[in-house]
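In: okay, structure incoming, though there's no sequence with it:
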């Protein structure tokens, strides 16, 4: 019975790891196409930020699938050696995911700040114009 379960788990591991690889490949291809598109249309460095963020999300998701495959691999009667390998792999992938997540959050924050600066620019001019009209109205009284 344990051998049958191990065979089923082995097949599932291959499927889950293939899904992880597919996510990473799709993300890389998508990012490359967007990179070319942005590069040809805008040629500005800030246009590449959304491409990097999306690629980072694909990489993070792909790493999660890979980690799930590793956990699944040790689900049936693991040896201490397999548990040690899983711990090392999980630590490395978790660290990669953590730092990737931090970078994505920082890039997203920077992108939002840039958007706010470009949005706030015209609003500041209109509000300062309102202030001038208010001060003129105050002077005419």
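Out: That came through, no problem. It should be emphasised that the depicted structure is a prediction, and the values quoted were computed from it without experimental measurement.
In: and the spatially most central residue of the chain, which helix or strand is it part of?
Out: With distances taken as Cα atoms, centre = their mean, residue 57 lies nearest the centre of the chain, 2.3 Å away. Residue 57 is part of helix 49-73, with elements assigned from DSSP states H and E.
In: which residues sit in contact with residue 56?
Out: 100, 103, 104, 107 (Cβ atoms under 8 Å, 6 or more residues apart in numbering). Every residue, glycine included, has its C-beta placed from N, CA and C.
In: kindly recompute the last result at 6 Å.
Out: By Cβ atoms under 6 Å, 6 or more residues apart in numbering, the contact set of residue 56 is 100, 104.
In: quickly note the distance from it to residue 27.
Out: Distance, residue 56 to residue 27, by Cβ to Cβ, to the nearest Å: 9 Å.
In: swap in residue 88?
Out: To residue 27, residue 88 is 25 Å away according to Cβ to Cβ.
In: lowest-pLDDT helix or strand in the protein?
Out: Comparing helices and strands within the chain by mean pLDDT, DSSP states H and E singles out helix 80-140 as the least confident, with a mean of 72.
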